[in-house]
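> Provided below are the primary sequence and the corresponding predicted coordinates.
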Amino acid sequence: MNRELSPSVQMQFMRPAQLEAAARAFPVVYVPFGLIEWHGRHLPLGNDALKAHGILVKTAETFGGVVYPPVYFPHDVNVPADITPEQAAADWRLCMLSALFERLKQTGFRVIIGVSGHNVRSQIDMVNQALKPVVADGTITGIGLWEISLSQCEESNTDHAAKWETSNMQFFYPDCVDMAALGTGPLAPGMKPPDGISGLDPREHASAEVGRRNVELASEAIGRKAQELLASLPGKHRAFRLPGISPEHWWAI
């Protein structure tokens with residue numbers, strides 16, 4: 001466990017009373033997404049979801065809400081923009097995500113924010129399409145985002161295993177970063193082998209402080225979006241809706 005990330009907002013570490021109290025105070029759930037993918041020789045393969053998860057934990061620490069454990073799934077699918085709920089159910093990935101979002105809805109959350117650390121359009125499209133049938137009745141709302149969709153600027157950005165992603169991991173999981181593995185020679189450009197890195201050379205530009213600032217800006221922007229989404233719902237739909245987190249009302253997500 002990363003000691004910088006509070007277990008008190010991470011659903012897998014919470015006790016039932018803690019989950020219920022947090023959900024009643026701010027009925028927002030954040031779901032981090034990514035996949036197992038090459039991120040240079042120096043970063044963990046689960047970088048994308050770990051990055052999104054860490055940012056969302058920081059969001060929940062400041063704004064409230066709870067964070068679902070990281071979800072890993074492949075993104076190699078083209079999702080039609082006009083997909084119907086029936087078509088969404090036909091794809092196992094969309095079906096899986098819609099089922100997860102529906103369970104979160106039934107648990108009583110009013111806002112679902114899915115955040116992908118894998119900055120490829122198709123993964124965000126899949127999250128948003130999976131949300132469609134879940135939010136269709138207007139009683140809850142949700143959105144899919146990249147971790148820097150709302151904060152992108154000079155101090156908050158992304159890349160592939162270069163300055164930004166390396167900085168994030170140096171801030172969150174320094175023990176999982178091995179800069180020496182990159183060697184001292186020039187890196188291949190444009191994600192080409194043998195390095196598979198795209199962006200500014202992390203050996204020169206990455207640091208835990210760069211990661212800290214990026215995380216701060218990203219988490220603040222996501223938290224403000226969570227507040228905005230909750231406020232957009234009719235008043236009667238802004239409160240946690242389950243009688244309680246107990247066996248007679250709830251069992252699992």
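Thanks, I have the structure now. Numbering: from 1, shown residues only.

> which residues in this protein form helices?
16-25, 47-63, 85-90, 92-107, 121-135, 163-172, 202-205, 208-232 (DSSP state H).

> ok, of those, where does mean pLDDT dip lowest?
Among those, helix 85-90 carries the lowest mean pLDDT, a mean of 59.

> Identify each buried residue in stretch 42-60, please.
For stretch 42-60, the neighbour count (16 or more other CB atoms under 10 Å) marks 42-43, 46-60 as buried. Every residue, glycine included, has its C-beta placed from N, CA and C.

> and the residue sitting furthest away from the middle of the chain, how far is that from residue 203?
In the chain, counting by CA atoms, centre = their mean, residue 185 sits farthest out from the average C-alpha position, at 33.7 Å. Distance, residue 185 to residue 203, by CB to CB, to the nearest Å: 10 Å.

> Check residue 27 too.
Counting by CB to CB, the gap from residue 27 to residue 203 is 44 Å.

> okay, the two: which has more neighbours?
residue 27 (25 against 16; other CB atoms under 10 Å).

> what about the more buried one, distance to residue 187?
Between residue 27 and residue 187 the distance is 45 Å, computed by CB to CB.

> Verify the stated contact: residue 133 with residue 98.
Yes: counting by CB atoms under 8 Å, residue 98 is a contact partner of residue 133 at 5.8 Å.

> And for residue 140, the neighbour number?
Per other CB under 10 Å, the neighbour tally for residue 140 reads 25.

> With residue 247 instead?
8.

> What backbone torsions are found at it?
Main-chain torsions, residue 247, degrees, to the nearest 10: phi -60, psi -30.

> Give me the pLDDT value at it.
For residue 247, the predicted pLDDT is 96.

> Likewise for residue 44?
Residue 44 is assigned 98 on the pLDDT scale.

> I'd like to know how far it sits from residue 181.
From residue 44 to residue 181 the distance is 12 Å (CB to CB).
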